[in-house]
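Undergrad: Provided below are the primary sequence and the corresponding predicted coordinates.
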Amino acid sequence: MSVGNLLRRFTPPEPGKITRARSRTHIDTPLAAETYAAKKLRQVLTKEIQTSRRSGAWFRIGRMERGFLGLALRLRVRLDSPALLRALVGVLKKLKEAGDGAYARLAHGAKVAWAFSAAAVAWGNQGAKAWRNDLEYARFLGDLGRARK
């Protein structure tokens, strides 16, 4: 999840536009837009933390990252600072990576595929350069490494 995707996800409706929100009509103002984005951000953080706790990934990230997410929930986080957004996105990305076994297998398989490709190119097989970008080959090597453990 990039900062741009995060900003697009939390962009409120156009200010001054009359919208229907759960059985009541309201007019969005800049203040309402700010609270809308902060509320959506807190919802995403809460959902990610709950999901990661259930999967056990919460305890695979560092204590500082866990504290940062907890503090972001306790305080009223505003989207004023791009540095804060980058930090939140970085921690959420780390949390996703820690909890997703498929990602870990793919990352391991990609490293092995790159090493095999480099060895094959060194031995004279120039077609082995394509192995580096072959997603299915990386998945196979990742699953193969996982099955041996």
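TA: Happy to help now that I have it.
Undergrad: let me see the domain layout of the protein.
TA: Structurally, the chain divides into domains by automatic domain parsing as follows: 3-99, 102-148.
Undergrad: quick one: those domains as JSON lines, columns for mean pLDDT and mean neighbour count too.
TA: Backbone N, C-alpha and C define where each C-beta goes, glycine included. Output for those, formatted as JSON lines (pLDDT from 0 to 100; neighbours: other Cβ atoms under 10 Å):
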{"stretch": "domain 3-99", "mean pLDDT": "72", "mean neighbour count": "14"}
{"stretch": "domain 102-148", "mean pLDDT": "88", "mean neighbour count": "14"}
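Undergrad: phi and psi next, for residue 123.
TA: Torsion angles at residue 123 (phi, psi; degrees, to the nearest 10) stand at phi -90, psi 0.
Undergrad: now residue 81. Its backbone dihedrals?
TA: According to degrees, to the nearest 10, residue 81 has phi -100, psi 120.
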